[in-house]
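# Give me the fold of what follows.
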Amino acid sequence: MQNTYLIIMAGGIGTRFWPISRSANPKQFHDVLGVGKTMLQQTAERFEGIIPQENIYVVTSEEFAGIVKEQLPYLTEEQILQEPQRKNTAPCIAYAAYKIGKKNPNATLIVAPADHVIIKEIAFQNHVRAAIETAKEDVLVTLGILPTRPDTGYGYIQFQPGETTAKTVKTFTEKPHLELAEAFLESGDYVWNAGLFVFKIPVFKKELEKHLSRLAEQFEEGEEFYFTSEEQDFIRKVYAVCKSVSIDNGIMEKAQIVKVILADIGWSDLGTWKSLYEIHDKDSNGNVIDGNVMIYDTQNCIIKTPSEKLVVVQGLQNFIVAEHENALMICPQDQEQEVKKFVEAATYLNPKYS
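Numbers count the residues shown, from 1 in each chain. Next comes the predicted model:
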């Protein structure tokens, strides 16, 4: 446990989950599921018994550092890594890997998003432990979610059939069209990419140097600054010039040493209102309701409104009704892809709606 570290990525905005997820307070800092804990807090607690608290690091935006500290008060300042700009996941993970590597160069890292839902937590922990063991073979490890439908919003991982716990990865495919997603599901040798990775720092650095050499050089130059008062100034300079690239496109798709562990863990990336609707228990009319709500002749809706406000809904089917602070959105579920457009228009009217 002392040589294993958790990196929680918590710098995103989650635009598709507007109006709850805002630029100043994104969804990972909300109790989206109504369980009394934010998604960030649930993510950290999910690793109890696997990662000691002193080995938990959160990578987030500079403006969110205070929120992270408030929600995970046991973290020290050095455990909250502040990104001055959003440059996707490869720089985020590289920053954490090189910083932790200064303290423990042979450590094993677990990288997890802060805004995913995992219902079967015991099964998840067992898979994580298996991934840690697999990473000892000097390979990059990821979790693959057994698909339940041909979803075009997820990335897919093709694996080599016939192996046991950890299977060799053949290909990565990012968000295929429906016909291809249907073919993937039918083939039986594809899983959803959960965006959770496990690897030893030397293995990650070697692959970073091979496939993103300039990025590796930029973060390696900070060796003398990590865990010092000069770290943030150095990071601002690096982020001003470093490439914006995901770990999937930059490394995982190109590396030849990737293994995937197939996992049935009740997973959702909670990227959209539809995904929240799908994981929730529903009433006899197929509704998901969170708030002080009265419904009449309403079916298959998700309604999330402030508890201090009475909301009456009449005659809706398959709708999203969501209110948070100064914004109310009412939108058909099958048109939720328009949410990004709503946010852009609302922000144009007044930045306070973003």
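# going forward, measure contacts and count neighbours with C-alpha atoms only.
Noted.
# ok, now how distant is V311 from A322?
Here the distance between V311 and A322 works out to 11 Å (C-alpha to C-alpha, to the nearest Å).
# wait, I meant T108
For T108, the distance to A322 equals 40 Å [C-alpha to C-alpha].
# Who has more neighbours out of these two?
Comparing T108 with A322 by other C-alpha atoms under 10 Å, the one with more neighbours is T108, at 27 against 22.
# I'd like the distance from the longest strand along the chain to the chain centre, please.
Longest strand in the chain by number of residues (criterion: DSSP state E): strand 190-200. Per C-alpha atoms, centre = their mean, to the nearest Å, the displacement of strand 190-200 from the mean C-alpha position of its chain is 11 Å.
# Neighbouring strands - and their directions - for that strand?
Within its sheet, strand 190-200 is paired with strand 108-113 (antiparallel), strand 140-145 (antiparallel), strand 156-159 (antiparallel), according to DSSP bridges.
# Please save the CA atoms from that strand in CSV.
C-alpha atoms of strand 190-200 as CSV (Å, rounded to 0.1, in the frame of the first residue of the first chain):
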residue,chain,number,x,y,z
TYR,A,190,-14.8,-5.5,-27.0
VAL,A,191,-15.3,-3.6,-23.7
TRP,A,192,-16.0,0.0,-22.9
ASN,A,193,-12.9,2.1,-21.9
ALA,A,194,-13.5,3.2,-18.3
GLY,A,195,-10.6,5.7,-18.3
LEU,A,196,-9.0,4.1,-15.2
PHE,A,197,-5.4,3.1,-15.5
VAL,A,198,-2.8,1.4,-13.4
PHE,A,199,1.0,1.3,-14.0
LYS,A,200,4.4,1.6,-12.5
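# Excluding its own residues, what touches it? List them.
Outside strand 190-200, the residues that touch it by C-alpha atoms under 8 Å, 6 or more residues apart in numbering are 106-113, 131-132, 135-136, 138-147, 154-159, 184, 262, 269.
# Buried residues, that strand. List them.
190-200 (16 or more other C-alpha atoms under 10 Å).
# With stretch 97-105 instead?
Result for stretch 97-105 [16+ other C-alpha under 10 Å]: buried residues 97-102, 104.
# got TSV for the strands paired with strand 190-200, with mean pLDDT and distance to K170 too?
Listed next are the strands paired with strand 190-200 as TSV, based on pLDDT from 0 to 100; distance: least, C-alpha to C-alpha, whole Å:
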stretch	mean pLDDT	distance to K170
strand 108-113	98	21
strand 140-145	96	13
strand 156-159	94	5
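# out of those, nearest to T305?
strand 108-113 (25.7 Å; C-alpha to C-alpha).
# Listing partners with orientation, what would you give for the helix or strand following the closest one?
Where DSSP states H and E defines the elements, the next helix or strand beyond strand 108-113 is strand 117-118. Taking DSSP bridges as the criterion, strand 117-118 forms sheet pairs with strand 267-268 (antiparallel).
# sorry, back to before: okay, the strands paired with strand 190-200, which one's buried deepest?
By mean neighbour count, with neighbours taken as mean count of other C-alpha atoms under 10 Å, strand 140-145 ranks first of those at a mean of 26.
# which residues make contact with that strand from outside it?
By C-alpha under 8 Å, 6+ apart, the surrounding residues in contact with strand 140-145 are 127, 131, 134-135, 157, 191-200, 203-204, 252, 257-265, 267.
# for stretch 220-240, same thing?
So stretch 220-240 is in contact with 78, 82-85, 87, 98-99, 102, 218-219, going by C-alpha under 8 Å, 6+ apart.
# of those, buried ones?
Buried among the contacts of stretch 220-240 by 16+ other C-alpha under 10 Å: 82-84, 87, 98-99, 102, 218-219.
# Which members of those residues are positioned in strands?
Among these, the members falling in strands (DSSP E) are 82-83.
# and the buried ones among the contacts of stretch 220-240, which two are the farthest apart?
K87 and K102 (22.3 Å).
# Overlap in contacts, V311 and A322.
T305.
# Find the nearest non-adjacent residue to the most centrally placed residue in the chain, please.
In the chain, the centroid-proximal residue (C-alpha atoms, centre = their mean) is P113; its distance is 2.8 Å. Using C-alpha to C-alpha, 6 or more residues apart in numbering and skipping residues adjacent in sequence, the residue nearest P113 is M9, 4.8 Å away.
# Contact partners for that neighbour?
Contact analysis of M9 by C-alpha under 8 Å, 6+ apart lists 58-60, 92, 111-114.
# And for I8?
Contacts of I8 by C-alpha under 8 Å, 6+ apart are 43-44, 56-59, 111-114.
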